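J.: need coordinates for the following:
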Amino acid sequence: MDEHKYDRDRRKTNTDRHTSIAPVIFGSIDDTSTQPLPITVTLDEDFESWKGLNNGATKKADYIAHICKQLNIPRDAFIIERVEFGSAVVFGIVCPPYGKLVMNYFSVDDAELGNLSRHGKITMITLGRFGLNVKDQVLFPQWNRVYSRQPGGTYWNDPLDRAGKPYYCPVGWTRFAIKVTNTQEEFDQRYSDYHVAYHGTKSAVASDILNNGLRGSTGCYREGLNIYLSPSIEYAAHPRYAKPWKHNETGKYYQMVLQCRVNPRLVEADLIKPETVLAKNAKTSQIDPNFSNDELEWILPADKPVSRHDLICYGLMIRITYDDPAGLPSSEWWKHVYWEPFHKIDY
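T.: Prediction:
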């Protein structure tokens, strides 16, 4: 069974197209009084509907009118720069000085956002550029996913098989896809028999990883340079690896983890190791119910650079919470680590 089939099935069975609320992701935002506010809207509708009369000009004009009316901004304050295929992905800007007004709109209770879906079901909205110094074309919005049990989300119950290793649904996370191939078929041909793994990171260094790939560092279990991955997104999301930050505009907390595909030949059995964060008196605490604590660290020797043919980062995984993620049920195990600063959040 393929993850994309679950996403297609989700679209077919989600008959009430306006019940789920689109996640809104705030990124790095310049002074909106003088600079345009980038906005990306991912729609759960066929791109072909945007290619009609006048090459979609009428559709774009109608959508601009709808968005501007809902956001209470002048019609000429929102410009659609392009629309990409897959799910229809609308790239635009909000002209100054109206960006602040739009940011305030998206900072209110999420229930208000349902009004925007009256002109096409919205699956995701992004504002700003995430603070990532990468080109727009590096991201591939039509492969974005919202992993959730709620209507409109992508979810599967049993693990998917990835070259003999399980791939569990990363519930509660949103994936921003990174373009590593031109088509889904090409991706499947190259990487369908690779393992899925995760690498926790700070947003400040994510752009360097996307531009240059994962590089080795010194650490536990093996001398020399190593790349550290985990089959568990919960383990990779510990603040030791993926430090949370709080967004001043929304009051919400964010975490970032990289989703990777790794060639099975790089994952040697004797370099699959136990966790390294639990206190000595808490080694029996279960970190992730889907995995044994003894298999949570995958060590990839990196004394020589690892080829991008063998290891790719293909998703920015973002978790958004209203409160400190330390309070999540899945983060209960954080209380048993010996790394004291885990609860200190950047404001």
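J.: distance check, the closest residue in space to Leu225 that isn't next to it in sequence against Thr181.
T.: The shortest distance from Leu225 to any non-neighbouring residue, by C-beta to C-beta, 6 or more residues apart in numbering, is to Gly216 (3.0 Å). In this view, the C-beta of every residue, glycine as well, is placed from N, C-alpha and C. Distance, Gly216 to Thr181, by C-beta to C-beta, to the nearest Å: 25 Å.
J.: the more surrounded of the two?
T.: Per other C-beta atoms under 10 Å, whichever of Gly216 and Thr181 has more neighbours is Gly216, with 18 against 15.
J.: list the contacts of the more buried one.
T.: 224-227, 300-303, 306 (C-beta atoms under 8 Å, 6 or more residues apart in numbering).
J.: for Ile39, same thing?
T.: Contacts of Ile39 (C-beta under 8 Å, 6+ apart): 78, 91-94, 102, 125-127.
J.: mind redoing it with 10 Å?
T.: 24, 67, 71, 78-81, 90-94, 99, 102-103, 106, 125-128 (C-beta atoms under 10 Å, 6 or more residues apart in numbering).
J.: what do you get for Pro36?
T.: Applying C-beta under 10 Å, 6+ apart, we find Pro36 in contact with 30, 77, 79, 81, 92-96, 98-99.
J.: so what are the domain limits for this protein?
T.: Domain assignment for the chain by automatic domain parsing gives 3-127, 136-343.
J.: which of those comes out lowest on mean pLDDT?
T.: Note on the domains of the chain: domain 3-127 shows the lowest mean pLDDT, a mean of 75.
J.: ranges for the helices of the chain?
T.: For the chain, the helices defined by DSSP state H occupy 3-13, 57-71, 99-106, 184-191, 203-212, 233-236.
J.: other residues contacting the fourth one?
T.: When you say that, I think you mean helix 184-191. 2, 4, 86, 140, 142-143, 162-163, 177, 179-181, 183, 261-263, 309, 312, 314.
J.: just the buried members of the contacts of Pro36?
T.: With burial judged by 16 or more other C-beta atoms under 10 Å, the buried subset of these is 77, 92-96, 98-99.
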